[in-house]
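J.: my questions concern the predicted model and sequence given below.
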Amino acid sequence: MPIVGQSAETTDWVSRFADEVIEESERRAPGKPVVVASGLSPSGPIHLGNLREVMTPHLVADEIRRRGRQVRHLISWDDYDRYRKVPAGVPGVDESWAEHIGKPLTSVPAPKGSAHPNWAEHFKAAMVDALAELGVEFDGISQTAQYTSGVYREQILHAMAHRGDIDAILDQYRTKKAPAAARKQQQKPLDEAEVEAAEGSGAAAEDDGSSGSAGYFPYKPYCGNCEKDLTTVTSYDDATTELSYTCNACGFSETVRLNEFNRGKLVWKVDWPMRWAYEGVVFEPSGVDHSSPGSSFQVGGQIVGIFGGKQPIGPMYAFVGISGMAKMSSSKGGVPTPGDALKIMEPQLLRWLYARRRPNQSFKIAFDQEIQRLYDEWDKLDAKVAGGTSQAIGTGGGSALPGDIAAHSRAVGTAAGELPRTARVLPYRTLASVADITAGHEDQALRILSELDPDNPLSALDEARPRYDKAEAWINTQVPADQRTIVRDEPDAELLKSLDEASQQSLRLLLDGLASHWSLDGLTHLVYGVPKVQAGFSADATPKELPAEIKTAQRTFFALLYRLLVSRDTGPRLPTLLLAVGQQRVRALLGE
């Protein structure tokens, strides 16, 4: 089975794949555009695990375009697949949708209130919007349109004529069992996102058309009465192409001529390799389920030859996990979608998460506090790529590794140009804190953000968009209400009265320095410096010059400030919090 090799090196995996794909394409179809492919089934919300099915070939296709070569990235919308189950948690959908199980996805009504004509189009639209924001260029192919217009008629007739050969290939795997080690590995508990992601492209677990009493048939008609695929082919005549079937759901039966009948499809394990041959696909990744004996990808590698084609090269891709998913309020059905992610992060960050890891490496997308650390890491890389200088306050310089530079380049834009980006890059954690504290008051947010860097103040909130909007959406949708920040209205007189002399002195040192340190950098220096000065050291002393007790003193001091300002022991970074509260109110709450 031809699989593109994946080196353990940390250099740019995309370039290595592009080299192999170009070479293979020239071998198969010299001078023609390179064809890469993805498959998505709009059977419900298309989630972040499925996005890897698209991003892997997209990144490779984009690299090929950057080299000046023609390439087509096909996305096959498997909208002619059967409707298998009613997904949980989808707004506008109730148990009555179960009556449509077995119909093509394009024949199932869209959720109530949807602007789209059917189920498939409803869920396809959200993914199309997300891919546009991510800068993914593709040619979409509706399998409903392909099958119902007769595009695949010759391929269907060919499959029926060679059904014995196909059955023999499938039969090699029907009784095979995975090795004990593999079975043990498969028994490892998976979260819902992993189970969903394991399906990969198309219906991996779909019936393969296994032999019945009338023989094996790789084609399944949708019933002419109830539209469901709960049908059994009872006979087929190769000479006349007459096919008879009976519906097991409603009892309807009919005889049709397959050379003019367009209401059915090849079973999945035959359909996928047929498309490889029809489209001339050179590169397509596959999910982890396709590593097992009898999987669609492995079996397809043999069946594709019946259609005169070759199996694509391509990696098996690993799971994409979610951190903080349990707290999500915006996800439908429990598994977040690319649209959910793009509400709280810029497309550059999401592209980077997929670009920096080889397809066989799993990774997590953060919906919890971890998103702040990821943004810090991204901003540091952005600064390094920019040559050691950055627009982002608090990010460091230095040099970036070649693989990191390549991943950054693929994140910020495509062969068509750079994606739109935030004009004034401020730390995500700072923007989130400001959005948290100001609770939607844009004038207050602008006041605070303009004071971050007095020498280069923000003149309009739009300069910090869309990053500010993403951070605000994260606060509003992903941070539990009991973790939101509420500044006290009145001083905590009882706590202030109970303070010992050392605590009172620490507050006095802070208050005395407020006016002269009123900026993000200045307040950072001040709040960290107060415990140092109290202990007899310079406020500029580095950690190496200080005893370990200073860290304990700093934590104690910070906890005191949080209790006096927000009645909790923790909260947003203190410099940001102080700026947000404002000098006058800080002085009042600290007892001046």
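T.: Ah, there it is.
J.: residues in contact with Phe557?
T.: Neighbouring residues of Phe557 by C-beta atoms under 8 Å, 6 or more residues apart in numbering: 506, 527, 530-531. Using the backbone N, CA and C atoms, a C-beta is placed for each residue, glycine as well.
J.: from Gly31, how far off is it?
T.: With distances taken as C-beta to C-beta, to the nearest Å, Phe557 is found 71 Å from Gly31.
J.: report all helices and strands that the host helix or strand of Trp276 contacts.
T.: Trp276 is part of helix 268-279 when elements are defined by DSSP states H and E. Packing partners of helix 268-279 (3 or more C-beta pairs under 8 Å, 6 or more residues apart in numbering; DSSP states H and E): strand 34-40, helix 153-161, helix 296-303.
J.: could I have the CA atoms of that helix written out in PDB?
T.: Output of helix 268-279 as PDB, limited to C-alpha atoms (Å, rounded to 0.1, in the frame of the first residue of the first chain):
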ATOM      1  CA  TRP A 268     -18.800   3.000   0.000                       C
ATOM      2  CA  LYS A 269     -15.900   0.600  -0.300                       C
ATOM      3  CA  VAL A 270     -16.400   0.600  -4.100                       C
ATOM      4  CA  ASP A 271     -17.500   4.200  -4.500                       C
ATOM      5  CA  TRP A 272     -14.300   5.700  -3.000                       C
ATOM      6  CA  PRO A 273     -11.800   3.800  -5.300                       C
ATOM      7  CA  MET A 274     -14.100   4.500  -8.300                       C
ATOM      8  CA  ARG A 275     -13.800   8.200  -7.600                       C
ATOM      9  CA  TRP A 276     -10.000   7.900  -7.300                       C
ATOM     10  CA  ALA A 277      -9.900   6.500 -10.800                       C
ATOM     11  CA  TYR A 278     -12.500   8.900 -12.200                       C
ATOM     12  CA  GLU A 279     -10.900  12.100 -10.800                       C
END
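J.: what is the neighbour count of the closest residue to Ile405 other than its chain neighbours?
T.: Once flanking residues are discounted, Ile405 sits nearest to Val385: 5.8 Å by C-beta to C-beta, 6 or more residues apart in numbering. Using other C-beta atoms under 10 Å, Val385 has 17 neighbouring residues.
J.: ok, Val385 - contacts?
T.: Here Val385 is in contact with 400, 404-405, 408-409 (C-beta under 8 Å, 6+ apart).
J.: filter those to the buried ones?
T.: 400, 404, 408-409 (16 or more other C-beta atoms under 10 Å).
J.: nearest to Val267 among the residues you listed?
T.: Nearest to Val267 among these is Ser409, at 41.9 Å by C-beta to C-beta.
J.: after the helix or strand where that closest one lies comes which helix or strand?
T.: Using DSSP H and E, Ser409 maps to helix 402-412. Note on helix 402-412: by DSSP H and E, the next helix or strand toward the C-terminus is strand 413-414.
J.: who's in contact with that following strand?
T.: With contacts defined as C-beta under 8 Å, 6+ apart, strand 413-414 is touched by 62, 65, 135, 137, 419.
J.: of the buried ones among the contacts of Val385, closest to Thr148?
T.: Of all those, Ser409 has the smallest distance to Thr148: 41.8 Å, by C-beta to C-beta.
J.: which residue ranges form the strands in the stretch 101-250 of the chain?
T.: 139-142, 219-221, 231-236, 242-247 (DSSP state E, counting those that start in this stretch).
J.: now tabulate the ones you listed in a markdown table and tack on mean pLDDT, mean neighbour count and distance to Asp289.
T.: Shown next, in a markdown table, are these (pLDDT from 0 to 100; neighbours: other C-beta atoms under 10 Å; distance: least, C-beta to C-beta, whole Å):
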| stretch | mean pLDDT | mean neighbour count | distance to Asp289 |
| --- | --- | --- | --- |
| strand 139-142 | 98 | 16 | 22 |
| strand 219-221 | 97 | 22 | 21 |
| strand 231-236 | 96 | 18 | 26 |
| strand 242-247 | 97 | 19 | 29 |
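J.: with respect to Leu561, which of these lies nearest?
T.: strand 139-142 (54.6 Å).
J.: pull the CA atoms of that closest one into PDB?
T.: Extracted in PDB, the C-alpha atoms of strand 139-142 (Å, rounded to 0.1, in the frame of the first residue of the first chain):
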ATOM      1  CA  ASP A 139     -13.400  22.600  -6.000                       C
ATOM      2  CA  GLY A 140     -16.600  21.200  -4.400                       C
ATOM      3  CA  ILE A 141     -18.200  18.100  -5.800                       C
ATOM      4  CA  SER A 142     -21.700  17.100  -4.700                       C
END
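J.: weakest of the helices and strands packed on helix 268-279 by average pLDDT?
T.: Here the lowest mean pLDDT among those goes to helix 296-303, at a mean of 92.
J.: in its sheet, which strands sit next to the following helix or strand past that one, and in what direction?
T.: Next helix or strand after helix 296-303 toward the C-terminus (DSSP H and E): strand 320-323. The strands beside strand 320-323 in its sheet (DSSP bridges) come out as strand 363-366 (parallel).
J.: residues contacting the partner strand, please?
T.: Taking C-beta under 8 Å, 6+ apart as the rule, strand 363-366 contacts 48, 320-324, 336, 341, 350, 353, 357, 370, 373-374.
J.: buried ones in that strand?
T.: 364-366.
J.: return the distance of that strand from the chain's centre.
T.: Centroid separation for strand 363-366 versus its chain: 8 Å, with C-alpha atoms, centre = their mean, to the nearest Å.
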